[in-house]
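S.K.: Return a 3D structure for these sequence lines:
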Amino acid sequence: MKSQKGIVLLMVLLIFAVVAILAAAMINELSMDVERSSGMAAYQQGRAFAIGAEDAVKEGLYLDWEANSALDHLAEEWAIDRAFPLEPGYVSIHISDLQGRFNLNNLAPGAEAALGEARFRNLLNLLGLDLQIATYWRAWLNPESQADDLYYSHEPPYRAAYQPCSHTSELMLIPEVTLEAYRRLEPFIACLPAGTPLNVNTAPDYVMAALDSRLSPELARQITIERGTGGFEDVTSFMTLGPVETFTRIEEGEKQAATDTGEPWAETDFSVSSEFFEVFVRVDLNGRVATMESVIYRSSADGAMSTLYRDYSRREARSSDILPITNVDG
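M.R.: Below you'll find the model as predicted:
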């Protein structure tokens, strides 16, 4: 009788133990579900704030266009980083002018592809990178290059794009473009419609110096200094600038000695206003972080805005905080 009571007691204790374990598991699962739901809610809230910030940027860019549609420079309101308080947290906004960067699609098939390749080589040289990247990239864009054999050497193999790029990360599919090389290039490159003019009011030293191998880093820096905080009023002011005029007004017989291609720079390659802007938004909400990078197109005709793409994976804005500009042998 005593043994039966002992067995019953053990069974009761066992049942209580199982129930306790199940209860603990259910509480743990419930806690995880609550945490997951809270995280998703915070994530969606952060994304909503980011999209709201993008709308605010569009409004600001429209007001900038309305004030002066013919001029964009780095002293304008859009070029100043902003941070706004939330409860609890903050949202920060960084806007970059994509037309102040080298356009990778300038190497696409066309009359200016050779000039685009020469300028890309100059940029690679200034950054201490393999100049062969420019040759590979031009082949990547050109359907007549028959470059598939080159890219089939990869594992796994893949085909060249044979079309203009839509995002600069495509460059990482090119031989010799390591992650480190891409990180050095990234702040200075963009994928815009071929022929989009370079905004000489926002282009940094590296991009200016890449315009011609005979344009020294010192002259490129002098150009960015002489444009002042308010930038050049028009392209003519840039083209007639002392350090630039050597490349824009070339006497017959001196062309080859003055530029990479032997031809003077075309005024249509440059502008003092922009239509393409990159926006990076960071939302810090109660310790949770949401980020968004987007590209905004602003029509120069009527100021109309459209978002070309959004990317939620980037953690930080593109940074050009690298070593000072120097000449590097190819």
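S.K.: Run through the stretch 151-300 of the chain and note the low-pLDDT ranges.
M.R.: 250-258 (pLDDT under 70).
S.K.: Go again with 90.
M.R.: Scanning the stretch 151-300 of the chain for pLDDT under 90 picks out 151-160, 174-176, 214-217, 242-243, 245-264, 285-289.
S.K.: what helix or strand does residue 297 sit in?
M.R.: Secondary structure from DSSP states H and E places residue 297 in strand 288-298.
S.K.: after that strand, next one along is what?
M.R.: Helices and strands here follow DSSP H and E; after strand 288-298, the next one along the chain is strand 305-311.
S.K.: quick one: that following strand to strand 288-298, angle?
M.R.: Counting by axes from the mean of the first three to the mean of the last three CA atoms, to 10 degrees, strand 305-311 lies at 140 degrees to strand 288-298.
S.K.: Export only the CA atoms of strand 305-311, formatted as CSV.
M.R.: The C-alpha trace of strand 305-311 is given here as CSV (Å, rounded to 0.1, in the frame of the first residue of the first chain):
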residue,chain,number,x,y,z
MET,A,305,10.0,64.4,-58.3
SER,A,306,10.2,60.7,-58.6
THR,A,307,12.0,58.0,-56.5
LEU,A,308,14.1,55.7,-58.8
TYR,A,309,14.9,53.2,-56.2
ARG,A,310,15.1,52.5,-52.4
ASP,A,311,17.6,50.3,-50.6
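S.K.: Adjacent strands (with direction) for that strand?
M.R.: If you go by DSSP bridges, strand 305-311 pairs up with strand 288-298 (antiparallel).
S.K.: mind checking how far the strand it pairs with is from the chain centre?
M.R.: In terms of CA atoms, centre = their mean, to the nearest Å, the centre of strand 288-298 is set 11 Å apart from its chain centre.
S.K.: The chain should start at 37 in everything you say after this.
M.R.: Sounds good: first residue 37 from here, last item strand 324-334.
S.K.: now what about it, what contacts it?
M.R.: Residues outside strand 324-334 that contact it (CB atoms under 8 Å, 6 or more residues apart in numbering): 75, 78-79, 82-83, 85-87, 89-90, 93-94, 97-98, 101, 134, 310-319, 340-348, 350-353. To be clear about C-beta, it is placed using only N, CA and C from the backbone, and glycine gets the same treatment.
S.K.: Do a quick rundown of the strands in the stretch 37-186 of the chain.
M.R.: Assigned by DSSP state E, counting those that start in this stretch, the strands in the stretch 37-186 of the chain fall at 118-122, 125-133, 138-139.
S.K.: Tell me which of those strands approaches residue 269 most closely.
M.R.: Among those, the nearest to residue 269 by CB to CB is strand 125-133 (17.0 Å).
S.K.: mean confidence for the closest one?
M.R.: Averaging pLDDT along strand 125-133 yields 94.
S.K.: what's it packed up against?
M.R.: Counting contacts by 3 or more CB pairs under 8 Å, 6 or more residues apart in numbering; DSSP states H and E, strand 125-133 packs against helix 38-103, strand 118-122, strand 312-321.
S.K.: now for those, which one comes closest to residue 241?
M.R.: Nearest of these (CB to CB): strand 312-321, 19.1 Å.
S.K.: mind putting the helices and strands packed on strand 125-133 in TSV, distance to residue 164 included?
M.R.: What follows is the helices and strands packed on strand 125-133, written out as TSV (distance: least, CB to CB, whole Å):
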stretch	distance to residue 164
helix 38-103	34
strand 118-122	34
strand 312-321	25
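S.K.: Comparing those, which stretch has the densest surroundings?
M.R.: Highest mean neighbour count among the helices and strands packed on strand 125-133 (mean count of other CB atoms under 10 Å): strand 312-321, with a mean of 22.
S.K.: for residue 110, what are its contacts?
M.R.: Applying CB under 8 Å, 6+ apart to residue 110 gives the contacts 133, 237, 238, 265, 267.
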